[in-house]
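1. need a structure here:
(chains A and B)
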Amino acid sequence: MELQAIWFFLWGLLWAIFFMTDGFDFGIGTIYPFAGKTDTDKRTMLNAMGPLWDGNEVWLITAGGVTFAAFPLVYATMFSTLYTPLMLILFALIFRGVAIHFRGKIDTPTWKKVWDFLIFIGSFVPALLFGVAFANIFQGIPFDGQGFYHGNTLKLLNPYGLLGGVLFVLLFIVHGANWMAVKSTGKLQARMAAISRKTWLALVPVAVVFLLTSYFATDLWANYFRYPVLFIVTLMNVAALLSIRYFVVNKTYFKAWFASAATIVLCTFFGIIGLFPALFPSSLHPDWHLTAFNASSSPLTLKIMLGVVIVFIPIVIGYQIWAYHLFKDPVTEEDLDMDEAY
Amino acid sequence: MDPVFLSRLQFAAATMFHFLFVPLTLGLSVLIAYMETKYARTGDKTYLRMTKFWGKLFLINFALGVVTGITLEFQFGTNWSRYSAYVGDIFGSLLAIEASVAFFLESTFIGIWIFGWKKLSPKAHAGVMWLVALAGNLSAVWILMANGFMQNPVGYVIKDGRAELESFMALITNKHGLLEIIHVVPASLLLASFFIMGVSAWHLLRKQHLPVFERSFRIGLVVGLVTALFTAFTGDLHGVNVSKTQPAKLAAMESHWETQTRAPLVLFAIPDQKNEKNMVEIGAIPGILSFLGFHDFNAEVTGLRDIPKDERPPVLPTFVGFRTMVGLGTLFILLTIYGWFKRNNLTENPTYLKIMLFAIPLPYIAMEMGWVVSEVGRQPWIVYGLMRTAEAVSPISTTQVFTSLTGFILVYGLLGLVGFYLMAQTVKQGPDAANQSEKRS
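-> Take a look at the predicted model:
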């Protein structure tokens, strides 16, 4: 029992870290065609995430892999019932991956325009669809006890689902703009700070509406009312969200980025806590909910994987922090002149 | 056309495409790490130029390898959900370990390597490349272990209608998986060596950048010779093991229909699966198949006719795949031995250089064919003897798979073209483009 509960929260944590790390890459890619006025701006944006985004993306692979290892039935049902949106996310991620690497390889406007477009698509689509997917998971997915899907993919774009998508996009834009404010100087930095401030003004009402509609559209609040102490998480979430604004206005951009990172993690945990113990609820019948207790791997696998995760994830976090530290300074002209730069 | 057939096609296409990039990055990362270490130790700028030139080609392949790799992880869930639910307890763990132990390391440090030239000392920077090389190959080890389970399931019990882990030790000491590792990892080095030799030959034929490419060619030659011999040796071990654990695959590899002792090796045949015989058969050498499969000229080799019809793999691809792989493997040994004697006056042997240039695709073909033998030869099972491929597919519609498959063919086709074009450009520009910090507007 405890083992399965621990794995439930590890599962949530891995998704939260993925959204927190790759989230700012998605955000930067989403504002990229609009905020990057010149080629130098654009290249500054790409090189600001350049050394880090590859490693960030692996959090998705790990979140997926851990879902597969610890909750195989959830992995199987989630990926097959959400076939179409996941394929769209997959193609988007493929585009983003090659676009960032290949854009700078040839210096013609057409070549760059094509990859610029794909960087936007490859960042905006996953940001939106991950939000839509998770909001739909919060509502429950129409699948039966045999794993058959009885829904219509277009119905994923219901109001609450779309609201989740918009929430993710806005969160990631703020997070990305904060990172860009850390990694740039002068005009670009000022522009990024302005984007962060303005987007934040849209983010707050969307977040409030999302939290309120969650009460009607989902069962997420039930756990909170059962254990009111959990409202601390929501309060921390609000505090983190407010502090973003404070730090951006005070031009302490690294702190602002840290605050948006915390906001994303806490937002994810708002949902994860509300879902517990379900990982993938069925909207058709509560008996078909896939939970930490009916969809997990064997105790032996959970134990071995717990050992692996406890040893290796801190190591990963350690060397990723070192990588962030190594590349914490703003992108300079000299950096852009490097032959290896994007 | 049903979801099973389309999903198989999609998985085959996605995996084979992925494997156009992966072996080169596995092998090349080690060779680049060696070159950069030489530079860090001696300060010899030629090694730096080599590192940067091959590094560029490495990165193009790395980018394509990563994005096509995500597809594979996704597909187990999207298209093979019954399989994922049935063996996820075991197979999922291996994939999760691969991500957390190896792929993180590779992806994080490749970023540091690309952007860290000025942030790190030359020695530390070379060390980062060693980590990338180690992590990439460690990734391969875990993935091959996962594949080893599909080929030869061990360490599990059937409980509550699924396979559950019983012994992790048995799982990670699976003989089939270990044999795959010592065959595929050196084969990747072999492929990278031939790539280096072929590209170097192109420049040597034009008598340009001689220091860089003579030295590169020689590194490729030494590594190519050693790995060609070693890969053939482990391939033989692999064959002997398959004979014992997967008799149907062995019979299909040889299009061998009749159970017999002193089984012959057929040099050329056209299998006719429907009528359970070979349409044409030329050059049967008695006893050789028995020897190859069991290291005993008199051993009995089971024929396909003694294997139930619904447990026979498709014979033609398995048979042709095996012959192509072995034939090319032999050619690699001959080419590198010949090159060994000419190593000190390469530029005076333009014919050999031309052959090596045109030999670049051959290790790719050999490796893809090796996978055809391994995976098509495993059919009709997704997990050998435990679960059939037809039972493993997700409850999804034909339209869904057809649409995604069309998408893959289009997108991968374009990516392949772009990748090839960029690699050709990089090769043509040569090592000096890698050293000028040309200003890009």
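2. how many residues are close by residue 41?
-> Looking at chain A here, since you left the chain open. Counted with other CB atoms under 10 Å in any protein chain shown, the neighbours of A:D41 add up to 18. All C-beta spots, glycine's among them, are computed from the backbone N, C-alpha and C.
3. my bad, the chain I had in mind was chain B
-> So B:R41, with other CB under 10 Å, has 12 neighbours.
4. which strand or helix spans it?
-> Assigned by DSSP states H and E, B:R41 falls within helix B:22-42.
5. mind listing what's buried along the helix or strand of chain A with the lowest mean pLDDT?
-> None of the helices or strands of chain A scores lower by mean pLDDT, DSSP states H and E than helix A:333-337, at a mean of 86. For helix A:333-337, burial by neighbour count (16 or more other CB atoms under 10 Å in any protein chain shown) applies to A:335-336.
6. can I get that helix as PDB, trimmed to CA atoms?
-> What follows is helix A:333-337, C-alpha atoms only, in PDB (Å, rounded to 0.1, in the frame of the first residue of the first chain):
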ATOM      1  CA  GLU A 333      27.600  38.300 -28.700                       C
ATOM      2  CA  GLU A 334      30.700  36.200 -28.200                       C
ATOM      3  CA  ASP A 335      28.500  33.200 -27.400                       C
ATOM      4  CA  LEU A 336      26.500  33.800 -30.600                       C
ATOM      5  CA  ASP A 337      29.800  33.900 -32.600                       C
END
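7. show me what that helix is packed up against.
-> helix A:39-49 (3 or more CB pairs under 8 Å, 6 or more residues apart in numbering or on different chains; DSSP states H and E).
8. now what about the helix it packs on, what contacts it?
-> Contact partners of helix A:39-49, identified using CB atoms under 8 Å, 6 or more residues apart in numbering or on different chains, comprise A:24-25, A:28, A:32, A:35-36, A:56, A:100, A:103-104, A:112, A:116, A:119, A:179-180, A:183-184, A:188, A:331, A:335-336, A:341-342, B:115, B:440-441.
9. what about these, which are in helices?
-> A:24-25, A:28, A:32, A:35, A:56, A:100, A:112, A:116, A:119, A:179-180, A:183, A:188, A:335-336, B:115 (DSSP state H).
10. of those residues, buried ones?
-> Buried, going by 16+ other CB under 10 Å: A:24-25, A:28, A:32, A:35, A:56, A:100, A:112, A:116, A:119, A:179-180, A:183, A:188, A:335-336, B:115, out of the ones in helices among the contacts of helix A:39-49.
11. can you give me the helices for the stretch 301-441 of chain B?
-> B:315-341, B:350-358, B:361-371, B:398-433 (DSSP state H, counting those that start in this stretch).
12. what secondary structure does B:I282 sit in?
-> Classification of B:I282 by DSSP: H, G, I helix; E, B strand; the rest coil places it in strand.
13. pretty sure it is in contact with B:F268, am I right?
-> Yes. Look at B:I282 against B:F268 with CB atoms under 8 Å: they come within range, at 4.4 Å.
14. distance check, B:L178 against chain A.
-> 19 Å (CB to the nearest CB, to the nearest Å).
15. can you check the pLDDT for residue 114?
-> All of this is about chain A. What the model reports as pLDDT for A:V114 is 94.
16. ah, no, chain B please
-> 93.
17. how close does it sit to B:F420?
-> Distance check for B:I114 against B:F420: by CB to CB, to the nearest Å, it reads 21 Å.
18. and if you look at A:S214?
-> For A:S214, the distance to B:F420 - CB to CB - is 49 Å.
19. please identify which of those two sits among more neighbours.
-> A:S214 (21 against 12).
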